[in-house]
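# Pasting the sequence and the predicted model now:
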Amino acid sequence: SLAGLRAAEALRKEGFTGPLTIIGDEPEEPYDRPPLSKQVLKGWVPADHTKLPRVRQVDAEWRLGIAATGLDRVTKQVRLANGEQVPYDRLLIATGTRAREWPNAKEAALEGVYTIRTSTDAAGLQKALAAKPGRVLVIGAGFIGSEVASVCRELGLPVTVVESGSAPLVSSLGGVIGAIAAEMQRDHGVDLRTGIGVKSLEGDGKGHVRRARLSDDSVVQCDVVLASLGSIRNTEWLEGSGLAAGFWGVGCDAGLRAFDINGVVTESIFVVGDIARFPHVLYEYQFLVLEHWDNAVLGAEVAAHNMVSLEPDRRPHLPLPAFWSGQFGVNIKSVGVCPFGNEIVFTQGSVKERRFAAAYGHRGRIVAAVTFNHGKWLEYY
């Protein structure tokens, strides 16, 4: 989607004039995902109106609605679900992630149970929310789950959020900010329950979800359920390819060249976006996977440049991670890798007013910062 399209455009900008093939398993043209959990669910924008603007013509052969199912590095061919094989001289892997489904297939098939990752997902959930359900249950209080809970409250819908961790956003922003996020949700009328899980979803005999049984044996009556359980990286199709690919992504160097299973860098295969796992000099060369919009765009430009450049001219992909989220009337912005820090200091503003900046530290230096309605200061961090 985003990384693939921007890489194709960057290849043309770099002066590549040869044949270019773009393969994607979704039938739609590339579209933007951030609006799906925000403007689309509010009904402001239809799901099919989120197509990405074209920066330039790519003059490509589009193979949409056909998944890649395998990679043969010896013959340099990508196998497709319809049995065809597409040859390559340079290959860019940008298969991204998919939403983690509710683990019980029978319960996941109940009407009213949703995930949100694609435009089709968002369209279905928007329609369900517009029907004014009696109560919405959100399982998981990461950024997507919290944003959907916020939309529900804006629409006047009762919503229960169940989070197995100690607070919302805790895995991304830590316990101190998580406690603030929890207070924010409860102040806006969210029935937030932390430190527990959902044991099962139950239907009404007609195939529609009606209740959820929690790990503390309490029961939540609900008509719509969003399973916001994180993402799964789409790397299964690379099994047997000999690449360093697994549930954690596809390993690559800072120039986004993929590693093989022995850690040897390849020369013709590059990886970008949500599945690229690369070392970052600012974070002690730890391998990072960044599921952020900026990472996809900037990584696409670096990968495209390196695909058509000789070794002395290749560039590293060393972005300063950044993301934003809008929820419960607060614009949350962050820069850096918050979980890398082991201390936090509120440096500006007021926590009580939820208008502040906070810095994360590690070994005496700032490694990340987060702002609540204080984004104008973020660039200084």
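That came through, no problem. Numbers count the residues shown, from 1 in each chain.
# Please list all residues in contact with residue 132.
Counting by Cβ atoms under 8 Å, 6 or more residues apart in numbering, residue 132 touches residue 157. To be clear about C-beta, it is placed using only N, CA and C from the backbone, and glycine gets the same treatment.
# in this structure, which residue is closest to the centre?
residue 291 (4.6 Å; Cα atoms, centre = their mean).
# which SS class is the closest residue to that one other than its chain neighbours?
Of all residues not flanking residue 291 in the chain, residue 274 sits nearest, at 4.6 Å (Cβ to Cβ, 6 or more residues apart in numbering). The three-state label given to residue 274 by DSSP: H, G, I helix; E, B strand; the rest coil is helix.
# do the one 5 residues further on as well
Of the three states, residue 279 takes strand under three-state DSSP.
# Could you double-check that it sits in contact with residue 253?
Yes: counting by Cβ atoms under 8 Å, residue 279 touches residue 253, with 7.2 Å between them.
# quick one, what contacts the residue nearest to the centre of the chain?
Contacts for residue 291 (Cβ under 8 Å, 6+ apart) come out as 97, 231, 274.
# Quickly find the element holding the residue nearest to residue 80 when sequence neighbours are not counted.
In space, residue 80 comes closest to residue 66 once its chain neighbours are excluded; the distance is 5.1 Å by Cβ to Cβ, 6+ apart. Using DSSP states H and E, residue 66 sits within no helix or strand.
# State the distance from residue 66 to residue 28.
13 Å (Cβ to Cβ, to the nearest Å).
# The residue nearest to the centre of the chain belongs to a helix, doesn't it?
No: counting by three-state DSSP, residue 291 is not part of a helix but coil.
# Give me the local confidence score for it.
Looking at residue 291, its pLDDT stands at 92.
# please begin residue numbering at 429 from this point
Got it, first residue is 429 now, which makes that one residue 719.
# Am I right that residue 760 is in contact with residue 754?
Yes: applying Cβ under 8 Å, one finds residue 760 in contact with residue 754, separated by 7.4 Å.
# The two: which has the busier surroundings?
residue 760 (26 against 16; other Cβ atoms under 10 Å).
# What are the buried residues along stretch 479-488?
residue 486 (16 or more other Cβ atoms under 10 Å).
# no wait, stretch 717-732
717-721, 723-732.
# what about stretch 500-508, distance to the chain center?
Put simply, stretch 500-508 sits 28 Å off its chain's centre (Cα atoms, centre = their mean, to the nearest Å).
# mind listing what's buried in that stretch?
Result for stretch 500-508 [16+ other Cβ under 10 Å]: buried residues 501, 504, 505, 506, 507, 508.
# Doesn't the fourth one belong to a strand?
Yes: under the criterion used here (three-state DSSP), residue 506 sits inside a strand.
# That one and residue 455: what is the separation?
18 Å.
# before we move on, the earlier item: could I get the contacts of residue 719 as a markdown table with pLDDT and neighbour count?
Shown next, in a markdown table, are the contacts of residue 719 (pLDDT from 0 to 100; neighbours: other Cβ atoms under 10 Å):
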| residue | pLDDT | neighbour count |
| --- | --- | --- |
| 525 | 96 | 18 |
| 659 | 95 | 17 |
| 702 | 96 | 23 |
